[in-house]
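*Asks:* here is a sequence with its predicted model. Questions after.
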Amino acid sequence: MIPVMEREVLLRAEGLYRWYGERCAVADLSLELARGEVLGLLGPNGAGKTTTLHMLTGNLAPGAGRVTVAGHDLLDDPRAAKAAIGYLPEQPPLYRELTVGEYLRYCARLNRIPRAEVPAAVRRAMARCGLEGMERRLIGNLSKGYQQRVGIAQAIIHNPAVVVLDEPTVGLDPIQIREIRELVRELGREHAVILSTHILPEVQMVCSRVEIIHQGRIVWSAALDELERELAADALVVGLGHPPAPEALAAVPGVTAVEPLGAGRFRLRHAPGASPAEAVAEAAVRGGWGLVELTPERRTLEQVFVELTTGEAAQEKEAA
């Protein structure tokens with residue numbers, strides 16, 4: 001985590017709204033992103049993620065609100081603001097009939113890189129994306145993983161302050177996914193990165209912050225260390241060969257609730273950070289309960305995601 005005094009905010013969105021007819025797709029959305037941060041942007045289909053990314057990258061004007069990129073207002077000074085953004089949409093904007101080198105030189109010129117500096121910019125982007133030796137390969141003949149690498153190379157060829165990646169690992173095999181994740185981590189050391197993904201474990205592996213969008217609003221925002229505390233174990237699963245009555249388990253110091261799971265297994269709730277595992281083991285030995293399992297149970301990011309994006313919807317459905 002970057003110290004507060006050194007935090008250089010490169011992207012700031014304030015009070016973004018976007019309507020499609022009478023439907024509000026994004027409502028009062030605000031976020032900040034600093035150099036050295038990788039922000040994981042999560043949300044179910046239809047939550048407003050893509051609309052948000054389009055507004056942040058200047059591809060869609062907000063109905064209300066303000067976006068600044070590297071100090072430039074996206075509406076008042078769009079050329080300077082967009083020059084500070086690199087964007088990889090979910091479908092990479094590739095020309096399959098071009099070679100990798102031809103395409104990246106074209107992208108360099110689109111990003112107004114001076115002609116004399118284009119060869120160096122292309123070499124640098126190819127090296128960072130693991131494309132060395134592929135300059136003369138036709139993009140249409142590359143695997144999907146390498147096409148994604150070319151897509152990321154076009155997003156960073158002008159060395160932008162902010163890099164936005166929309167689902168960069170969709171459809172890749174496990175080896176390709178690991179390579180792209182490592183590339184995202186590397187980008188996060190020098191740039192401010194937004195990673196939109198449906199792969200929840202990917203967020204914990206790559207991102208330093210997480211924000212969840214539901215029905216056009218940010219419903220949860222946390223740094224990775226806060227996320228780890230949120231997911232910390234607050235229950236034990238215990239398996240017993242000779243289980244006692246649930247009341248005996250509830251009497252163990254530190255246990256706040258007991259949930260029978262069947263077949264001699266129980267979920268023992270406890271206060272966060274105050275595991276009664278040792279007391280349970282001692283009680284099992286004294287009582288001859290035949291302890292066969294004692295496992296801390298962590299919440300998962302998937303559980304948090306589902307709670308935030310379905311609980312609210314369920315409440316609204318009941319109210320209707």
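*Replies:* Here it is on my side, so go on.
*Asks:* show me where this protein has strands.
*Replies:* 9-20, 23-34, 38-42, 64-69, 72-73, 85-88, 162-166, 192-196, 209-214, 217-223, 235-240, 255-262, 265-270, 291-297 (DSSP state E).
*Asks:* format these as TSV; extra columns: mean pLDDT, distance to G133 and mean neighbour count.
*Replies:* From N, CA and C alone the C-beta is placed, and that goes for glycine too. Formatted as TSV, the strands of the chain follow (pLDDT from 0 to 100; distance: least, Cβ to Cβ, whole Å; neighbours: other Cβ atoms under 10 Å):
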stretch	mean pLDDT	distance to G133	mean neighbour count
strand 9-20	95	33	18
strand 23-34	94	34	18
strand 38-42	93	28	25
strand 64-69	96	34	19
strand 72-73	96	37	16
strand 85-88	96	22	24
strand 162-166	95	24	24
strand 192-196	94	26	26
strand 209-214	91	36	23
strand 217-223	89	39	16
strand 235-240	92	51	21
strand 255-262	92	55	13
strand 265-270	92	54	19
strand 291-297	90	48	14
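*Asks:* in JSON lines, list these along with distance to R124.
*Replies:* Output for the strands of the chain, formatted as JSON lines (distance: least, Cβ to Cβ, whole Å):
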{"stretch": "strand 9-20", "distance to R124": "20"}
{"stretch": "strand 23-34", "distance to R124": "23"}
{"stretch": "strand 38-42", "distance to R124": "21"}
{"stretch": "strand 64-69", "distance to R124": "22"}
{"stretch": "strand 72-73", "distance to R124": "24"}
{"stretch": "strand 85-88", "distance to R124": "13"}
{"stretch": "strand 162-166", "distance to R124": "14"}
{"stretch": "strand 192-196", "distance to R124": "17"}
{"stretch": "strand 209-214", "distance to R124": "27"}
{"stretch": "strand 217-223", "distance to R124": "31"}
{"stretch": "strand 235-240", "distance to R124": "49"}
{"stretch": "strand 255-262", "distance to R124": "56"}
{"stretch": "strand 265-270", "distance to R124": "52"}
{"stretch": "strand 291-297", "distance to R124": "46"}
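*Asks:* out of those strands, flag the one nearest L183.
*Replies:* strand 162-166 (9.6 Å; Cβ to Cβ).
*Asks:* name the residues that touch that closest one?
*Replies:* Residues outside strand 162-166 that contact it (Cβ atoms under 8 Å, 6 or more residues apart in numbering) are 10-11, 33, 50, 53, 56-57, 69-70, 84-90, 152, 155-156, 184, 187, 191-196.
*Asks:* so what strands line up beside it?
*Replies:* Here strand 162-166 is paired, per DSSP bridges, with strand 85-88 (parallel), strand 192-196 (parallel).
*Asks:* just tell me which of the strands of the chain ends up closest to E278.
*Replies:* Short answer: strand 291-297, nearest of the strands of the chain by Cβ to Cβ, at 9.7 Å.
*Asks:* what is that closest one packed up against?
*Replies:* In terms of contacts (3 or more Cβ pairs under 8 Å, 6 or more residues apart in numbering; DSSP states H and E), strand 291-297 is packed against strand 235-240, helix 277-287.
*Asks:* domain boundaries for this protein, per the record?
*Replies:* Split into domains by automatic domain parsing, the chain comes to 4-230, 235-297.
*Asks:* distance to Q303 added to the ones you listed, as CSV?
*Replies:* Shown next, in CSV, are the domains of the chain (distance: least, Cβ to Cβ, whole Å):
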stretch, distance to Q303
domain 4-230, 10
domain 235-297, 11
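*Asks:* of all these, which lies closest to V304?
*Replies:* Of these, nearest to V304 by Cβ to Cβ is domain 4-230, at 6.6 Å.
*Asks:* mind checking how far that closest one is from the chain centre?
*Replies:* 11 Å (Cα atoms, centre = their mean, to the nearest Å).
*Asks:* just to revisit the earlier point, nearest to R123, out of the helices and strands packed on strand 291-297?
*Replies:* Of the helices and strands packed on strand 291-297, nearest to R123 by Cβ to Cβ is strand 235-240, at 53.1 Å.
*Asks:* can you list the strands that that closest one pairs with?
*Replies:* strand 265-270 (antiparallel), strand 291-297 (antiparallel).
*Asks:* with just CA atoms, put it into PDB.
*Replies:* What follows is strand 235-240, C-alpha atoms only, in PDB (Å, rounded to 0.1, in the frame of the first residue of the first chain):
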ATOM      1  CA  ALA A 235     -16.000 -20.000  12.400                       C
ATOM      2  CA  LEU A 236     -14.500 -23.400  13.000                       C
ATOM      3  CA  VAL A 237     -15.800 -26.600  11.500                       C
ATOM      4  CA  VAL A 238     -15.300 -29.500  13.900                       C
ATOM      5  CA  GLY A 239     -15.800 -33.200  13.300                       C
ATOM      6  CA  LEU A 240     -16.400 -35.500  16.200                       C
END
